[in-house]
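structure for this input, please:
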Amino acid sequence: MSETVKVADAKTHLSQLLAKVEAGDEFVIARGERPIARLVPIDDKERRRAAIADMFAFRDGPGLKPVSADEIAAWKHEGHRY
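So this is what the prediction gives:
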């Protein structure tokens, strides 16, 4: 569960909040009673997995079409080294 912190307190204690976030805590930053932001640890492993999943989805979806051997041969004749 997240703890709510007022903007002024977050500004004053940012270093301490970041240390707690690094330890796994989460905070909601509020202006008055209205929540405006969330301070959470970054899960790099999950971001990498999501990026890889996005690349596979693009590759396997309508975004790319297979390249034929004829197209590759034509590129070689155009001076491409691939």
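
from Asp60, how far out is Pro66?
In this view, Pro66 and Asp60 are 11 Å apart by Cβ to Cβ, to the nearest Å. Backbone N, C-alpha and C define where each C-beta goes, glycine included.

overlap in contacts of those two?
Taking Cβ atoms under 8 Å, 6 or more residues apart in numbering as the contact rule, Pro66 and Asp60 have no neighbour in common.

of these two, who's got more company?
Neighbours were counted for Pro66 and for Asp60 using other Cβ atoms under 10 Å; Asp60 has more, 9 against 5.

report pLDDT for that one.
In this prediction, Asp60 carries a pLDDT score of 80.

swap in Gly79?
So, for Gly79, pLDDT stands at 64.

also Glu71?
Looking at Glu71, its pLDDT is 85.

element containing it?
Glu71 is part of helix 69-77 when elements are defined by DSSP states H and E.

give the buried residues for that helix.
Along helix 69-77, not one residue counts as buried under the neighbour rule (16 or more other Cβ atoms under 10 Å).

packing partners of it?
When contacts are defined as 3 or more Cβ pairs under 8 Å, 6 or more residues apart in numbering; DSSP states H and E, helix 69-77 sits against none of the other helices and strands.

can you pull up the bridge partners for the residue nearest to Arg38 when sequence neighbours are not counted?
Leaving aside its sequence neighbours, Arg38 sits nearest to Val28 (Cβ to Cβ, 6 or more residues apart in numbering; 5.5 Å). Residues found in beta-bridge contact with Val28 (criterion: DSSP bridges) are Thr4, Arg38.

shouldn't Ala30 be within a strand?
Yes: Ala30 sits within a strand when classified using DSSP: H, G, I helix; E, B strand; the rest coil.
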